[in-house]
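Student: sequence-free structure coming up:
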């Protein structure tokens, strides 16, 4: 059984967040020094259209590699994803394919370096 300290550390690595999306929106930012990777589940809603995507990201301190593990949509896909490292932080963005707004629910699980 995990100790309270272990559970506390795990909880600090798991984040759940809601976002209002515009044309390009940052949905995740974290220290490239502290964390080596993240696994994300992103649910997008735009009117009555939906998209669910699972992403994996791994970086070497300079270049992030973003892999779309799985993606499903109720109609057309609503967003695309991109990642960069800037000022020592990994930044993950969402770009809307069409329309001017949508919402996103994001669950992120990071792994320490």
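Tutor: Right, received. Where do you want to start? All values reported here derive from a predicted model rather than from experimental measurement.
Student: Just read off the phi/psi values of the most centrally placed residue in the chain.
Tutor: The centroid of the chain falls nearest to residue 40 when counting by CA atoms, centre = their mean (4.7 Å). Backbone torsions of residue 40, given as degrees, to the nearest 10, read phi -130, psi 140.
Student: what's the nearest residue to it if we skip its chain neighbours?
Tutor: residue 55 (4.5 Å; CB to CB, 6 or more residues apart in numbering). C-beta here means a position set from N, CA and C on the backbone, and glycine is covered the same way.
Student: and that neighbour, what is it in contact with?
Tutor: Taking CB atoms under 8 Å, 6 or more residues apart in numbering, we find residue 55 in contact with 38-42, 66-69, 81, 92.
Student: Now with 10 Å, please.
Tutor: 27-28, 38-42, 66-71, 81, 83, 92, 106, 108 (CB atoms under 10 Å, 6 or more residues apart in numbering).
Student: mind checking how far it is from residue 100?
Tutor: 23 Å (CB to CB, to the nearest Å).
Student: quick one on the thing from earlier: tell me what the residue nearest to residue 40 is bridged to.
Tutor: Beta bridges link residue 55 to residue 40, residue 68, judged by DSSP bridges.
Student: What is the burial count for residue 33?
Tutor: A count of neighbours around residue 33, defined by other CB atoms under 10 Å, yields 10.
Student: Just read off the phi/psi values of it.
Tutor: phi -80, psi -40.
Student: now residue 107
Tutor: Dihedral angles for residue 107 - degrees, to the nearest 10 - are phi -120, psi 120.
Student: what about the nearest residue to residue 49 once chain neighbours are set aside, how many residues close to it?
Tutor: Spatial nearest neighbour of residue 49, chain neighbours left out: residue 75 (4.7 Å); criterion: CB to CB, 6+ apart. Neighbour count for residue 75, taken as other CB under 10 Å: 11.
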